[in-house]
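Student: Predicted structure and sequence below. I'll ask about it afterward.
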Amino acid sequence: GENPHQEDDESIMPPGSFPKDRSYYGVFDLGGNVSEWVADIYQPYEGNTFNDPNYTKQHRVVKGGGAGMGHYGLSTFFRAARRAHTTPERASTDVGFRCARDAS
């Protein structure tokens with residue numbers, strides 16, 4: 001599907017706006033729209049020797065790309081594998097969360 005507002009700065013769409021874009025399990029909105037706040041603490045990947053000062057228990061992982069990526073290159077930032085971090089007290093209009101449970 002396409003987001004007709006993708007060039008608009010206010011392109012966050014209500015959940016379920018694209019009924020054809022759903023997963024095998026019937027879940028909508030898995031890609032794009034907002035970046036997803038996850039429960040993981042921001043830590044280095046296994047084997048990573050880079051010492052980022054943001055690797056603390058205060059920073060949480062944010063996954064994917066959101067509509068507010070602005071001037072950043074979409075091919076780099078607007079993808080599900082994108083991993084960033086933020087603190088719980090920081091507010092953003094393009095970060096959300098998903099209530100989920102195991103499929104089994």
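Tutor: Yep, that arrived.

Student: what's the least confident helix or strand in this protein, going by average pLDDT?
Tutor: Least confident helix or strand, the chain: helix 74-77 with a mean of 59, by mean pLDDT, DSSP states H and E.

Student: Longest strand in this protein, please.
Tutor: Ranked by residue count and defined by DSSP state E, the top strand of the chain is strand 35-41.

Student: Tell me the strands beside it, with direction?
Tutor: strand 60-63 (antiparallel), strand 95-96 (parallel) (DSSP bridges).

Student: Pick out the residue nearest the middle of the protein.
Tutor: Computing the C-alpha centroid of the chain and ranking residues by CA atoms, centre = their mean puts residue 35 first, at 2.1 Å.

Student: show me the contacts for the residue nearest to it when sequence neighbours are not counted.
Tutor: With sequence-adjacent residues excluded and distances taken as CB to CB, 6 or more residues apart in numbering, residue 35 is closest to residue 66, at 4.0 Å. Bear in mind the C-beta positions are built from the backbone N, C-alpha and C, glycine included. By CB atoms under 8 Å, 6 or more residues apart in numbering, the residues touching residue 66 are 12, 32-35, 78, 92, 94-96.

Student: Export those as TSV, with columns for distance to residue 57 and pLDDT.
Tutor: Below are the contacts of residue 66 laid out as TSV (distance: CB to CB, whole Å; pLDDT from 0 to 100):
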residue	distance to residue 57	pLDDT
12	29	76
32	29	67
33	28	75
34	24	81
35	20	84
78	28	63
92	20	80
94	24	79
95	19	84
96	22	83
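
Student: Can I get the residues you listed in JSON lines including distance to residue 19?
Tutor: Listed next are the contacts of residue 66 as JSON lines, based on distance: CB to CB, whole Å:
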{"residue": "12", "distance to residue 19": "17"}
{"residue": "32", "distance to residue 19": "15"}
{"residue": "33", "distance to residue 19": "14"}
{"residue": "34", "distance to residue 19": "18"}
{"residue": "35", "distance to residue 19": "22"}
{"residue": "78", "distance to residue 19": "21"}
{"residue": "92", "distance to residue 19": "27"}
{"residue": "94", "distance to residue 19": "22"}
{"residue": "95", "distance to residue 19": "24"}
{"residue": "96", "distance to residue 19": "19"}
